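Participant: this one's structure only:
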């Protein structure tokens, strides 16, 4: 039997695993699914068609599954999908998706979303990411695995943040942030490779060195991207980090930080 505080409000249409804990004054709406071990803190609100994965903890006054901040949203039945073992802290807001954006906002596993951060409609966040306090993602943002956003980071709609990116505190991104890099400033520019993040991921020294060589060729040689790809492909075919970096850049629609 789920542990539900006497002051909490849980709609009969919600689905709760037997070991879910709902603390004082929390509100759980119809259509919400809370999987095993989910904890919902005091005064938190989980609404809409929202599924929260096993082991996720939601702190006080968070609002998940709130309506999209989008003028054209007309109440369509869109979704929010949250994976397992996430830590969602105080006053975080995460919106449902929109029909225009595919109908679903998605968050992977084992992410830390710190206090007062916002995840807009149709965003897609991978796994093992960190959003520090007061970070904000506009609609349709993509954040790949192991990215770290410093406090007060702001990201423009439709931007992408690559795998293992570190965005310095206060960074404002209006362009894509290439994987494995450190970006900083308003508007954000490349500072270099995220060496600390690569070491923490366990990327070997040889692969880090190869990535540094590729970084210099792409971003510091003055070559156009097409020329850099042609130069790198023969030497680095089969190198997972470099192949991912090149593929990310080739798919960029907004342009990327340099």
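Facilitator: In hand now; what should we look at? Model, not experiment: these values are computed from the prediction. Numbers count the residues shown, from 1 in each chain.
Participant: contacts, neighbours, all on C-alpha from now
Facilitator: Will do.
Participant: Next, residue 241: secondary structure please.
Facilitator: Secondary structure, DSSP: H, G, I helix; E, B strand; the rest coil: residue 241 is helix.
Participant: ok, now residue 248?
Facilitator: For residue 248, the secondary-structure state derived from three-state DSSP is helix.
Participant: Who's the closest spatial neighbour of it, skipping the chain neighbours?
Facilitator: residue 178 (7.1 Å; Cα to Cα, 6 or more residues apart in numbering).
Participant: I am assuming that neighbour contacts residue 162, so please confirm or correct that.
Facilitator: Yes. The pair residue 178 and residue 162 qualifies as a contact (Cα atoms under 8 Å) at a distance of 5.2 Å.
Participant: give the contact list for the residue nearest to residue 248.
Facilitator: For residue 178, the set of contacting residues under the criterion of Cα atoms under 8 Å, 6 or more residues apart in numbering consists of 161-163, 165, 245, 248-249, 256-257.
Participant: quick one: average pLDDT of stretch 80-89?
Facilitator: Looking at stretch 80-89 alone, the average pLDDT works out to 98.
Participant: Now find how far off-centre the lowest-mean-pLDDT helix or strand in the chain is within its chain.
Facilitator: The helix or strand with the lowest mean pLDDT-type score in the chain, counting by mean pLDDT, DSSP states H and E, is helix 225-236 (a mean of 87). Centre-to-centre, helix 225-236 and its host chain are 30 Å apart (Cα atoms, centre = their mean, to the nearest Å).
Participant: other SSEs contacting it?
Facilitator: Applying 3 or more Cα pairs under 8 Å, 6 or more residues apart in numbering; DSSP states H and E, one finds that helix 225-236 makes contact with helix 205-219, helix 240-250.
Participant: So residue 35 versus residue 84, what's the distance?
Facilitator: Applying Cα to Cα, to the nearest Å, the value for residue 35 to residue 84 is 9 Å.
Participant: Mutual contacts of residue 178 and residue 162, please.
Facilitator: Looking at what touches both residue 178 and residue 162 (by Cα under 8 Å, 6+ apart), the common residues are residue 248.
Participant: contacting residues for the spatially most central residue of the chain?
Facilitator: Ranked by distance to the mean C-alpha position of the chain (Cα atoms, centre = their mean), the top residue is residue 125 at 2.9 Å. Shown in contact with residue 125 (Cα under 8 Å, 6+ apart): 106-108, 142-145.
Participant: can you put those residues in TSV and add secondary structure and distance to residue 23?
Facilitator: Rendered in TSV, the data for those read as follows (DSSP: H, G, I helix; E, B strand; the rest coil; distance: Cα to Cα, whole Å):
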residue	secondary structure	distance to residue 23
106	strand	25
107	strand	23
108	coil	24
142	strand	32
143	strand	31
144	coil	32
145	coil	31
